[in-house]
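Participant: From the sequence below, what's the structure:
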Amino acid sequence: MGLEKAGFQVTWANDYEPDKKAMYVAQFGTEDHTFVLGDIATVDAALLPTDAALAWASSPCTDLSLAGARAGLGGAESGVFWHFIELLRQLDGRRPPVVVLENVTGLATSHGGDDLAAAISAFNELGYSVDVLTLDARRFLPQSRPRLFVIGAIDSPVDSADPQSELRPDYLQWVFSDTNLRTHRARLPAPPPPLVKGFSALVEDISDSDERWWDAERTAAFVDSLSPMQRDRVAQLEQGSGVKYRTAYRRTRAGVPVWEVRPDDISGCLRTARGGSSKQAVVRLGDGRLRVRWMTPLEYARLMGAGNFNLEDARTNQALFGFGDAVAVPVVRWLGVNYLMPLLRGELSEPLVELETVANVK
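Facilitator: Numbers count the residues shown, from 1 in each chain. Model prediction:
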């Protein structure tokens, strides 16, 4: 859904979740789209588009988390990446000139970096030079959501000797010094700085009488589960003037479920209810009052940059799962405008410093 919302023309898509397909079709229709429902392992390469300019794979992140026992790209879910590689291999001379793999930043350190190296090597064997960068949705939206992007190009741009460190932090630098890997670093502009507030502006306006607000007993249980430091933070916000909103996660600490409230006006990373992660709650505080409820589908959509998404027929859990498992729209748009489209047009073939010098001379 991120590619479509960011303005890319998607002609073929695949997922094994019926609920995701239903949301996709409700938003984009079927006239100019093909959505193949099922396991990617069963996809016939002969049915794939032969003129695609870009192939994008968002590999499941469960196996790269503690909940997934860090099985990495050898895990049952994250391992679907290899089916993506096999489809590209079968396309042979019809491969798209640009490919993208999106995952959590944990891919960079999974199995001591061996998983990421294996992924890059797989792309190399198919003729792609590879760039690796990270981008956080928080640079565009009030949601902390860092993601890793592995970008492969048949015709790679000139390698930049002065890479953008905000996009390629220290923990990624080993990739470009490994002589066994064919890599490049495209010269890119600096992304926007991380937001420090903004969640409150996206909160859905829900009346005090709405039944989605938790009752007094459940709210008291929420407060009782807070650590002393968390409780002090919440009490200060509650007694302060004016209404403020914060997000909260329920976690297990020392075998006991507890709630943790973020200190800032930024949402925690939206997640699905799978992989050991819970839904996110919204806490309203101020003027001596405290209210708690679950985050709504519309708030999930807004935090992914898709506030106008058609949610009319979507069930609550369906929408939370779909958006919690997606890529933030403005992140995809930034990559498209600054990297993917210029790469496809051949505009990254010359070092940016030379272009800037010519402009200054004029």
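Participant: The closest residue to residue 296 other than its chain neighbours and residue 245, how far apart?
Facilitator: Excluding its sequence neighbours, the residue lying closest to residue 296 (C-beta to C-beta, 6 or more residues apart in numbering) is residue 204, at 5.1 Å. Using the backbone N, CA and C atoms, a C-beta is placed for each residue, glycine as well. Distance of residue 204 to residue 245, computed by C-beta to C-beta, to the nearest Å: 10 Å.
Participant: who's more crowded, these two?
Facilitator: residue 245 (19 against 15; other C-beta atoms under 10 Å).
Participant: and that one, which of the three is it?
Facilitator: On the three-state scheme (DSSP: H, G, I helix; E, B strand; the rest coil), residue 245 is labelled strand.
Participant: Using the three-state scheme, assign the nearest residue to it once chain neighbours are set aside.
Facilitator: Nearest non-adjacent residue to residue 245, counting by C-beta to C-beta, 6+ apart: residue 200, 4.4 Å away. With three-state DSSP as the basis, residue 200 sits in helix.
Participant: repeat for residue 341
Facilitator: Following three-state DSSP, residue 341 is assigned to helix.
Participant: from what I can see residue 197 touches residue 141, true?
Facilitator: No. Counting by C-beta atoms under 8 Å, residue 141 is not a contact partner of residue 197; they are 11.7 Å apart.
Participant: The two: which is more packed in?
Facilitator: Legend: neighbour count by other C-beta under 10 Å for residue 197 and residue 141, higher for residue 141 (23 against 10).
Participant: I'd like to know how far the more buried one sits from residue 267.
Facilitator: Relative to residue 267, and taking C-beta to C-beta, residue 141 is found at 8 Å.
Participant: Do you have the helices of the stretch 101-250 of the chain handy? List them.
Facilitator: 114-125, 173-177, 199-202, 216-224, 228-239 (DSSP state H, counting those that start in this stretch).
Participant: How is this protein partitioned into domains?
Facilitator: 2-195+324-357, 205-295 (automatic domain parsing).
Participant: gap between the first one and the chain center?
Facilitator: To tie it back to what came earlier, the one meant is domain 2-195+324-357. 11 Å (C-alpha atoms, centre = their mean, to the nearest Å).
Participant: Residue 311 sits in which helix or strand?
Facilitator: Using DSSP states H and E, residue 311 sits within no helix or strand.
Participant: For it, give me its contacts.
Facilitator: 297, 298, 301, 319 (C-beta atoms under 8 Å, 6 or more residues apart in numbering).
Participant: Just give the number of residues close to residue 231.
Facilitator: 14.
Participant: how about the nearest residue to it, chain neighbours excluded?
Facilitator: Leaving aside its chain neighbours, residue 231 sits nearest to residue 223 (6.8 Å; criterion: C-beta to C-beta, 6+ apart).
Participant: thought the one you found was touching residue 232?
Facilitator: No. Residue 223 lies out of contact with residue 232 (C-beta under 8 Å); the separation is 11.6 Å.
Participant: Please say which of those two ends up with more neighbours.
Facilitator: Shown here are residue 223 and residue 232; by other C-beta under 10 Å, residue 223 has more neighbours (15 against 11).
Participant: Return the residues in contact with the more buried one.
Facilitator: Counting by C-beta under 8 Å, 6+ apart, residue 223 touches 231, 234, 290.
Participant: From residue 284, how far off is the residue nearest to residue 245?
Facilitator: 9 Å.
Participant: Please identify every residue contacting each of those two.
Facilitator: 243, 244, 245.
Participant: most neighbours per residue, which of the domains of the chain?
Facilitator: Using mean count of other C-beta atoms under 10 Å, the stretch among the domains of the chain with the largest mean neighbour count is domain 2-195+324-357, at a mean of 17.
Participant: re earlier: which neighbours do residue 141 and residue 267 have in common?
Facilitator: Residues touching both residue 141 and residue 267 (C-beta under 8 Å, 6+ apart) are residue 303.
Participant: My reading is that residue 100 lies in a strand. Confirm?
Facilitator: Yes. Counting by three-state DSSP, residue 100 is found in a strand.
Participant: is it in a bridge, and if so with what?
Facilitator: residue 56, residue 151 (DSSP bridges).
Participant: That one touches residue 55, doesn't it?
Facilitator: Yes. At 7.4 Å, residue 100 and residue 55 qualify as touching, with contact defined as C-beta under 8 Å.
Participant: ok, now how distant is residue 339 from residue 331?
Facilitator: Residue 339 sits 11 Å away from residue 331, going by C-beta to C-beta.
Participant: what's next to stretch 312-324, contact-wise?
Facilitator: Taking C-beta under 8 Å, 6+ apart as the rule, stretch 312-324 contacts 1, 17, 19-20, 22-23, 26, 270-274, 279, 295-297, 300-301, 303-304, 306, 311.
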